[in-house]
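**Q** Sequence below, structure please.
(one chain, ligands or ions: 1)
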Amino acid sequence: MHVLLELDSLTAGIDALPRGEMKRALFLVLSAMLTKVSKQPGDTTGRKAPRRLSGGFAIRFFVKKTEELVKRLANYQKLVIDPRVEVKVGPGDARHLERVRAGSVALIVASPPYPGVYDYHAHHSTRLRWLELESERFERFEIGSRRGARGKTFEMAVATWRRELGAALVEMARVISPKGAAAVIIADSVLAGRPLRADLLTADLATAAGLTVAARASQKRPHFHLPTQAAFRGSPRREHVLLLRRA
Ligand SMILES: C[S@@+](CC[C@H](N)C(=O)[O-])C[C@H]1O[C@@H](n2cnc3c(N)ncnc32)[C@H](O)[C@@H]1O
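**A** From the prediction side, this is the model:
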């Protein structure tokens, strides 16, 4: 109960600030600390577990995180070179970038979900609620989710993923400039108990979308749980970066 009251006080305090950078930065801090003070053991799990926190912990943690952010922003400012470009950040569905003009993007850096691994909407449900962020579209437009693959055969789950990632790559091909590039990072994963080689599938979909693989690099990754390890039968699971250009 005391954690709830502390969070509520923090939110009310931030809410009372005038619109602007400071308010946004403080909501960012709140977002970064919510999992730490919730019953969710980590960012990438929807599981609940008991957590005991002393009175005042949430407020002290908020102050510490704010001080950290101030230092990091100051260091970052020193690194930014002139002339400064205006940065716009906004939510959207990677398959429909309505606000981005065709052929206007020099570099895309994308890390799509690894199919069937996480349920980002569920993982962020506490954040979405506390920050009063739009939740319904995030759930509906999420691609590669674990819930979307549940109960499907390997072939059905791959077909879904091909449609979802394929549409995002078609959109990348539309917005990328003639000399532009897209760096897509993606790891092998397991669907319906069978391994999915992400690099082969992504390269295939990229080609179909009118892109070409200019370079690629892969690195071995550990198996974090037994079913994944079993599915790969001793062969490595890898994470890949594919550099894509217009064909
Ligand atoms: C592997 S994570 C990459 C996280 C990223 N590197 C970051 O630091 O925030 C995949 C991300 O894709 C997002 N995602 C899922 N469906 C999406 C969609 N249709 N359009 C854009 N992003 C989506 C997920 O919410 C998740 O944050």
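**Q** Now the helix or strand bottoming out on mean pLDDT in the chain: buried residues?
**A** Every helix and strand in the chain was compared by mean pLDDT, DSSP states H and E; the lowest is helix 226-232, with a mean of 76. If you call a residue buried by 16 or more other Cβ atoms under 10 Å, then helix 226-232 has these buried ones: 228, 231. The way it works is simple: take the backbone N, C-alpha and C, and place the C-beta from them, glycine included.
**Q** Now the residue of the chain most remote from its centre: phi and psi?
**A** Farthest-out residue of the chain from its mean C-alpha position, per Cα atoms, centre = their mean: residue 55, at 32.2 Å. Backbone geometry at residue 55, expressed as degrees, to the nearest 10, gives phi -60, psi 130.
**Q** same deal with residue 143?
**A** The phi/psi pair for residue 143 (degrees, to the nearest 10) is phi -110, psi 160.
**Q** Spatially nearest residue to residue 153 (excluding sequence neighbours)?
**A** Ranked by Cβ to Cβ, 6 or more residues apart in numbering and with sequence neighbours excluded, the top spatial neighbour of residue 153 is residue 192, at 5.7 Å.
**Q** and that neighbour, how many residues sit next to it?
**A** Neighbours of residue 192 under the rule other Cβ atoms under 10 Å: 17.
**Q** repeat for residue 146
**A** For residue 146, the count of nearby residues is 18 (other Cβ under 10 Å).
**Q** Spit out the contact partners of the residue lying closest to it once chain neighbours are set aside.
**A** Nearest residue to residue 146 in three dimensions, chain neighbours excluded: residue 119, at 4.9 Å (Cβ to Cβ, 6+ apart). Contacts here follow Cβ atoms under 8 Å, 6 or more residues apart in numbering; on that basis residue 119 touches 46, 142, 145, 146, 147.
**Q** State the mean pLDDT of stretch 174-193.
**A** In this model, stretch 174-193 carries a mean pLDDT of 95.
**Q** same deal with stretch 80-99?
**A** On average, stretch 80-99 scores 88.
**Q** And stretch 61-73, by the same measure?
**A** For stretch 61-73, mean pLDDT is 97.
**Q** buried sites along that stretch?
**A** Those would be 61, 62, 65, 66, for stretch 61-73 by 16+ other Cβ under 10 Å.
**Q** What separation is there between the residue nearest to residue 146 and residue 96?
**A** Separation of residue 119 from residue 96 (Cβ to Cβ, to the nearest Å) stands at 21 Å.
**Q** could I get the buried residues of stretch 61-73 as a markdown table with secondary structure and distance to residue 237?
**A** Shown next, in a markdown table, are the buried residues of stretch 61-73 (DSSP: H, G, I helix; E, B strand; the rest coil; distance: Cβ to Cβ, whole Å):
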| residue | secondary structure | distance to residue 237 |
| --- | --- | --- |
| 61 | helix | 35 |
| 62 | helix | 38 |
| 65 | helix | 33 |
| 66 | helix | 38 |
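**Q** ok, these vs the ligand, which is closest?
**A** residue 65 (17.4 Å; Cβ to the nearest ligand atom).
**Q** Find the residue closest to that closest one in space, skipping its chain neighbours.
**A** In space, residue 65 is closest to residue 29, 4.8 Å off (Cβ to Cβ, 6+ apart).
**Q** contacting residues for the one you found?
**A** Residue 29 touches 62, 65, 66, 69, counting by Cβ under 8 Å, 6+ apart.
**Q** try residue 2
**A** Each residue near residue 2 by Cβ under 8 Å, 6+ apart is listed here: 53, 55.
**Q** Can you classify residue 239 as helix, strand or coil?
**A** strand (DSSP: H, G, I helix; E, B strand; the rest coil).
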